[in-house]
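**Q** The sequence and its predicted three-dimensional model are supplied below.
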Amino acid sequence: MVNQIPNVTLHDGLTIPKIGFGTYRLNGNEGVQAINNAIDHGYRLIDTAYNYENEGTVGEAVRRSSTPREQLLITSKLPGRYHHYDKAVTTIQESLYRANLDYYDLYLIHWPNPIQDIYVEAWQALIEAKRRGYIRSIGVCNFLPEHLERLKQKTGELPTINQIELHPFFNQEAQRKWHQEHQIATESWSPLARTNDVFDHPVLQKLASNHNRTVSQIILRWHYQLDAIAIPKSATPSRQLENISIFDFELSNEEMSIINQLSKVDGRMKDQDPAVYEEF
Ligand SMILES: NC(=O)c1ccc[n+]([C@@H]2O[C@H](COP(=O)([O-])OP(=O)(O)OC[C@H]3O[C@@H](n4cnc5c(N)ncnc54)[C@H](OP(=O)(O)O)[C@@H]3O)[C@@H](O)[C@H]2O)c1
């Protein structure tokens, strides 16, 4: 039986599941197999990027899947080296060719790269690509409020979604509040902090044991109750299923606050502060 994941409607009307599937490092035949397993378990929102070099893998998984294309929501991302308007528009077309898809459901600017400082052009290209029907909904990743304000000021249009680093060691409270005030959905990348240290944390282990759940389920339930769309990656079918089996228990307000207390100001995994960090 396929798991039903609750949905959320973005500010442009697109409805997407509240948990998606990360594909970073899922490549080739093994990647296709892993993504197909995830779809069979009930994942519908699949996250790739031009720079993961696996848009082809994701596209092949979509074609091999018995789930119709229109029931799947495929996200890809524009790399920093193609922020110039013309390059961005052709890169989105190339991105579609790589996946052999007619359209992406979501397309995001991967990093703002504020020193390069042409993310507004990239945003204008996403607006145009949406107008041409290449993309259904447009968003960003790793944009700080100052970058989002600038998009609004220059184009009048805010992203539907901002995909940001978010896990128990870095809960992004202020950024999430800003999103909420501007009807932007928060999506959590590395929601399990790539398992670094979180799985051994005594507080999370205690909560897992109290609820008779795994640490991963406690963390993903916490994202869900924060109203953040987590996109955990797993190549392992049993873990894929475990990660979406979180809709039949609840964390209390006190338990949510206990997890929130694990967050640190410098809790980013690799110090990738979008105010200064750039990726191409
Ligand atoms: N926009 C951005 O800048 C950005 C940056 C980073 C990531 N992302 C996206 O976010 C997605 C998720 O982040 P991520 O891949 O970095 O890290 P993650 O999802 O936090 O962690 C993935 C790791 O957790 C393991 N894992 C998953 N479920 C588990 C479970 N139930 N029990 C034990 N281990 C488990 C996986 O192992 P196995 O695979 O071996 O099962 C894998 O090693 C990426 O795949 C990518 O799509 C976006």
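**A** Everything's here; your move.

**Q** If you average the pLDDT over stretch 205-224, what comes out?
**A** Stretch 205-224 shows a mean pLDDT of 98.

**Q** Can you show me the strands along the stretch 151-280 of the chain?
**A** Assigned by DSSP state E, counting those that start in this stretch, the strands in the stretch 151-280 of the chain fall at 161-165, 185-189, 228-230.

**Q** Which one of those strands lies nearest to the ligand?
**A** Closest approach to the ligand among those is made by strand 185-189 (3.5 Å; C-beta to the nearest ligand atom). Heads up, the C-betas are built off the backbone N, CA and C, glycines and all.

**Q** So what are the sheet partners of that closest one and their directions?
**A** strand 161-165 (parallel), strand 228-230 (parallel) (DSSP bridges).

**Q** Kindly report the residues of the stretch 151-280 of the chain close to the ligand.
**A** 163, 189-195, 214, 216, 231-236, 239, 242-243 (C-beta under 6 Å from any ligand atom).

**Q** can you redo the strands of the stretch 151-280 of the chain as TSV with mean neighbour count and mean pLDDT?
**A** TSV is the format used below for the strands of the stretch 151-280 of the chain (neighbours: other C-beta atoms under 10 Å; pLDDT from 0 to 100):
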stretch	mean neighbour count	mean pLDDT
strand 161-165	25	98
strand 185-189	24	98
strand 228-230	26	98
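
**Q** want to try a markdown table for the ones you listed, with distance to L78 as columns?
**A** Shown next, in a markdown table, are the strands of the stretch 151-280 of the chain (distance: least, C-beta to C-beta, whole Å):
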| stretch | distance to L78 |
| --- | --- |
| strand 161-165 | 12 |
| strand 185-189 | 15 |
| strand 228-230 | 19 |
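
**Q** Next, count neighbours for the closest residue to G22 other than its chain neighbours.
**A** Leaving aside its sequence neighbours, G22 sits nearest to K233 (C-beta to C-beta, 6 or more residues apart in numbering; 3.3 Å). Under the neighbour criterion other C-beta atoms under 10 Å, K233 is assigned a count of 22.

**Q** Same question for A174.
**A** Using other C-beta under 10 Å, A174 is surrounded by 10 other residues.

**Q** for D248, same thing?
**A** D248 - counted by other C-beta under 10 Å - has 7 other residues nearby.

**Q** List the buried residues of stretch 240-255.
**A** 240-246, 251, 255 (16 or more other C-beta atoms under 10 Å).

**Q** Can I get those residues in TSV including pLDDT?
**A** Formatted as TSV, those follow (pLDDT from 0 to 100):
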residue	pLDDT
Q240	98
L241	98
E242	98
N243	98
I244	98
S245	97
I246	98
L251	98
E255	98
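
**Q** Output those in JSON lines, with distance to K206 appended to each entry.
**A** Formatted as JSON lines, these follow (distance: C-beta to C-beta, whole Å):
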{"residue": "Q240", "distance to K206": "25"}
{"residue": "L241", "distance to K206": "24"}
{"residue": "E242", "distance to K206": "19"}
{"residue": "N243", "distance to K206": "20"}
{"residue": "I244", "distance to K206": "23"}
{"residue": "S245", "distance to K206": "20"}
{"residue": "I246", "distance to K206": "18"}
{"residue": "L251", "distance to K206": "13"}
{"residue": "E255", "distance to K206": "10"}
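
**Q** which one among these gets closest to D271?
**A** N243 (26.5 Å; C-beta to C-beta).

**Q** tell me the contacts of the closest one?
**A** Neighbouring residues of N243 by C-beta atoms under 8 Å, 6 or more residues apart in numbering: 19, 216-217, 220, 232, 234.

**Q** Please report how far the spatially closest residue to I109 that is not a sequence neighbour lies from N260.
**A** Excluding the flanking residues, the one nearest I109 by C-beta to C-beta, 6+ apart is V140, at 4.6 Å. For V140, the distance to N260 (C-beta to C-beta, to the nearest Å) stands at 25 Å.

**Q** Which one of these two is surrounded by more residues?
**A** Per other C-beta under 10 Å, whichever of V140 and N260 has more neighbours is V140, with 29 against 13.
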